[in-house]
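*Asks:* Predicted model and sequence follow; I will ask about them next.
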Amino acid sequence: MKITIETVKNRRQLRRFVLFPEKLYKGNPNWVPAFVSDEMKTFSPANPSLEYCQYDCFLAKDENGTIVGRVAAIINPKSNERWNARTVRFGWIDFIDSVEVCSALVGAVADWGRQRGMDTIKGPLGFTDMDREGLLVEGFENLSPFTCIYNYPYYGKHLEACGFRKDTDWIQRLVTLPPEPPEFFRLAEVVEQRYGLHIFRPKNRAELQSKAEELFHVLNAAFTNLYEFAPLSDREITDYINQYFPLVNKDFICMILDKDEKVVGFAITVPSIARAIQKVRGRLFPFGWIRVLHALYHNNIVEAMIVGAAPEHQGNGANVMILKDMQLIAMKYGIRKMITNPQLETNVKALSMFGKYYEMEPYMRRRSYIKEI
């Protein structure tokens, strides 16, 4: 097969780039599209990450001019400086079952990176940790969380055939939430009294948003040593707050405050909207938002998006207070299952957070691949 690589240069090509997976995964019951409008925004000046990141998008075409794959090449200089690396990232990678197409796509990213002084290629990764990342390598039989990548099993096989090897894995589990208060609630009360901590319960959305920026600054501190992490900029934080906080039910955002009313721990969970997004094919307008809104308030499963605590509170039991608040909200709304956010296989604290107190089963495993170029 003769493969041609085309650089995306205009909005029409970008829309083809964004919509390619829709054709590739047609009829797949577990693939969940991203919101089309969000994807288009990601590769436009409206994305605050582009103030410092470089990128290009590529389409792979066969001899008939048919699109058979896509990929984005990204350089995040903040992350490279933080980790003393010269890494080009590949993300948004999708392709037909062909090692030739896979090779052409990652080869285009590698060439692009070498031209800019990079010596290593990693992925799938996005501009920041808030983007979808990690190739699915286990759990193909399960419905994908709407914030995560879903891909066919052959992706990993073809990447390995192109010389890539595992760099790290993220693990997701399915947690069973009991209908009654668990025993650990008493431990949460002890932690609360000993360290002067309490749950922040905003009376309205404005009060919630008054603490939102502080939450993301704690996130920057909590995640600083995690894989390829680079702190979010002030504009990125503002963008995430404006984009997501108006949509979520405030009850599903947990914040732990200290005696000085400062945020020291947090969890953002969202009732699963994966099936709703499938039905509207990733399009909120003109009427897709109705299905999505219904799913946000009529559900028995939630997805944990981000969970963390300030470094100085990671060993004192603040996580138990977070779990207690999440459990109380689950009981209030009749939630029985939770899909954990992707957690690094080396992050023992995160992996043990739920396992100490809940029944869990494997759900998905994701992988970042690496290759020297």
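*Replies:* Structure's in. What do you need? Numbering: from 1, shown residues only.
*Asks:* Send me stretch 18-25 as PDB with only the CA atoms.
*Replies:* In PDB, the C-alpha atoms belonging to stretch 18-25 read as follows (Å, rounded to 0.1, in the frame of the first residue of the first chain):
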ATOM      1  CA  VAL A  18     -11.400  15.200  14.000                       C
ATOM      2  CA  LEU A  19     -14.100  13.100  12.300                       C
ATOM      3  CA  PHE A  20     -11.900  10.300  11.000                       C
ATOM      4  CA  PRO A  21     -12.400   8.000  14.100                       C
ATOM      5  CA  GLU A  22     -16.200   8.200  13.600                       C
ATOM      6  CA  LYS A  23     -15.800   6.100  10.400                       C
ATOM      7  CA  LEU A  24     -13.100   3.900  11.800                       C
ATOM      8  CA  TYR A  25     -15.100   2.900  14.900                       C
END
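*Asks:* Show me the shaky parts of the stretch 151-300 of the chain.
*Replies:* In the prediction, the stretch 151-300 of the chain carries no residues with pLDDT under 70.
*Asks:* any chance you could map the strands in it?
*Replies:* For the stretch 151-300 of the chain, strands defined by DSSP state E, counting those that start in this stretch occupy the ranges 165-176, 198-199, 253-257, 263-271.
*Asks:* As TSV, those with distance to residue 154 and mean neighbour count would be great.
*Replies:* In short, each C-beta sits where N, CA and C put it, glycine included. TSV is the format used below for the strands of the stretch 151-300 of the chain (distance: least, C-beta to C-beta, whole Å; neighbours: other C-beta atoms under 10 Å):
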stretch	distance to residue 154	mean neighbour count
strand 165-176	17	18
strand 198-199	46	16
strand 253-257	38	22
strand 263-271	30	23
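*Asks:* can you list these in CSV and add distance to residue 307?
*Replies:* Output for these, formatted as CSV (distance: least, C-beta to C-beta, whole Å):
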stretch, distance to residue 307
strand 165-176, 12
strand 198-199, 14
strand 253-257, 9
strand 263-271, 4
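*Asks:* Quick check: which of these is nearest to residue 342?
*Replies:* strand 165-176 (3.5 Å; C-beta to C-beta).
*Asks:* Now for residue 57, how many residues are close by?
*Replies:* By other C-beta atoms under 10 Å, the residues close to residue 57 number 20.
*Asks:* which strands and helices sit next to whichever strand or helix holds residue 113?
*Replies:* Residue 113 belongs to helix 99-114 when elements are defined using DSSP states H and E. On a contact count with 3 or more C-beta pairs under 8 Å, 6 or more residues apart in numbering; DSSP states H and E, helix 99-114 meets strand 4-7, strand 54-61, strand 67-75, strand 87-95, strand 120-123, helix 154-161.
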